[in-house]
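Asks: Predicted model and sequence below, questions to follow.
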Amino acid sequence: MRDQGNEPFVVRANGEIDLDTAPSLRRALVAALESHREVVLDLWEVTFMDCAGLGALVRARNRAGRCGARLVLRGAGHCVVRLLKLTGLHRRLAVEP
């Protein structure tokens, strides 16, 4: 059942998002997107992200589209923003300061 509230659900990530941690982030985002209209991924405390992290974000974005939900990335640091720009994903994902 989808949440009818106006407040977005916040998922907070920290540390490194890599091959070891990306699957748990993906699961958390999918679960949140299935029950909320808007999910904010707080990246403020993320220090590193690799291609596995990017894959988790893309899968979550695709799930959001199928669920009629919105995924927003917020507080991404330089390392994450740089990676999003290098891959062109900054044009496909909603990124807020």
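Replies: Nice, thanks for sending it over.
Asks: Report the buried residues of the single longest helix found in the chain.
Replies: Counting residues, the longest helix found in the chain (DSSP state H) is helix 51-67. Residues 52, 53, 54, 56, 57, 60, 61, 63, 64, 67 are the ones in helix 51-67 that count as buried (16 or more other Cβ atoms under 10 Å). Quick note: C-beta positions are derived from backbone N, CA and C, even for glycine.
Asks: Run through the bridge partners of residue 42.
Replies: Going by DSSP bridges, residue 42 is paired in beta bridges with residue 12, residue 74.
Asks: Please apply the same query to the one 4 residues further on.
Replies: According to DSSP bridges, residue 15 are recorded as the beta-bridge partners of residue 46.
Asks: measure it to residue 68 for me?
Replies: The spacing between residue 46 and residue 68, counted by Cβ to Cβ, to the nearest Å, is 27 Å.
Asks: Who has more neighbours out of the two?
Replies: residue 46 (23 against 9; other Cβ atoms under 10 Å).
Asks: doesn't residue 14 make contact with that one?
Replies: Yes - between residue 46 and residue 14 there is a contact under Cβ atoms under 8 Å: 6.4 Å.
Asks: Stretch 68-79: which residues count as buried?
Replies: 69, 70, 71, 72, 73, 75, 76.
Asks: what would these look like in a markdown table with distance to residue 37?
Replies: Below are these laid out as a markdown table (distance: Cβ to Cβ, whole Å):
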| residue | distance to residue 37 |
| --- | --- |
| 69 | 6 |
| 70 | 7 |
| 71 | 11 |
| 72 | 11 |
| 73 | 17 |
| 75 | 20 |
| 76 | 22 |
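Asks: Name the nearest of those residues relative to residue 42.
Replies: Minimum distance to residue 42 across the buried residues of stretch 68-79 is 5.4 Å, recorded for residue 75 (Cβ to Cβ).
Asks: So that closest one is in contact with residue 13, correct?
Replies: No - with contacts counted by Cβ under 8 Å, residue 75 stays clear of residue 13, the gap being 9.6 Å.
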